[in-house]
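In: pasting the sequence and the predicted coordinates here, then a few questions.
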Amino acid sequence: MDKKELEDTCKLAVDSYELGKSALDFVKFDNNEKINEILKVHSAIGGAFALVPLPGAAIVFVIANVYGMYYRINNELGVPLSKNFVKSIGGMIASNLSGYYGTIAGVVACEAIKSIPFLGTIVGFTGECILFFSMTSVQGKLYCEWLRKIVASGAIDKKGNVDENLAKAKMEEILKNKEHIEEMMKKEKAAAKNVDFSKYKAQAAEFVKNNKES
């Protein structure tokens, strides 16, 4: 190995270490204020979509909000992933969680209940807020787990080059742990009951406005 090759190898090793250290510093996402704030705000905005007049279309904005959350997490951690690949991974998460949530059926049921005066309206809005919040929060936390796994496994380097097969395999490993996901969903549904979604309604409405125009 000549001097140039040695320098390149050392630089690659340093880059890989720095990237790994950056992401692995957040082994427990809830111990990092910035990552936790991203998860908290996007989850609350997700829940608040239930309060915005979006008959039959709220789920579209919930999904867009989830991807926005992924991009912010990447930027905060300095993990250079393309939007196309993030969407591919996001699709894996969403499709695997749909069976847990009964997403479409749940939204339809909540919309139907909301049409019942007084108590039905309250129950419908509350149920939809909890559903959208937990959907968003669980996806965000699973995504953080996946980021740590791909960095630790060397599936991504400093320049953003990704071994897509290895990265997808790491996500499949996470999604196979059904008990972990079910427990996470229970916790997030419980957490949703303590969120004042009215405080995030304006942000949800602004998000809808901006994404309708884009």
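Out: Structure received.
In: tell me the centre residue of this structure?
Out: Geometric centre of the chain, nearest residue: Gly140, 2.5 Å, by Cα atoms, centre = their mean.
In: against Arg72, how distant is Gly47?
Out: Distance check for Gly47 against Arg72: by Cβ to Cβ, to the nearest Å, it reads 17 Å. In short, each C-beta sits where N, CA and C put it, glycine included.
In: sorry, wrong one. I was asking about Lys159.
Out: As judged by Cβ to Cβ, Lys159 and Arg72 stand 21 Å apart.
In: just Leu131 next, same as before
Out: Distance from Leu131 to Arg72, by Cβ to Cβ: 22 Å.
In: what of Glu172?
Out: Per Cβ to Cβ, Glu172 is found 25 Å from Arg72.
In: the more surrounded of these two?
Out: Remark: of Glu172 and Arg72, Arg72 carries more neighbours, 18 against 12, as counted by other Cβ atoms under 10 Å.
In: give me the element that one is part of.
Out: Using DSSP states H and E, Arg72 sits in helix 58-77.
In: that helix - what's its average pLDDT?
Out: Mean pLDDT, helix 58-77: 91.
In: please name every helix or strand in contact with the following helix or strand past that helix.
Out: Next along the chain after helix 58-77, taking DSSP H and E as the criterion, comes helix 83-101. On a contact count with 3 or more Cβ pairs under 8 Å, 6 or more residues apart in numbering; DSSP states H and E, helix 83-101 meets helix 58-77, helix 119-153, helix 164-176, helix 178-192.
In: Leu39 is nearest to which of those helices?
Out: Nearest to Leu39 among the helices and strands packed on helix 83-101 is helix 119-153 (4.7 Å), distances taken as Cβ to Cβ.
In: could you give the angle of that closest one to helix 58-77?
Out: Interaxial angle of helix 119-153 relative to helix 58-77 (axes from the mean of the first three to the mean of the last three Cα atoms, to 10 degrees): 30 degrees.
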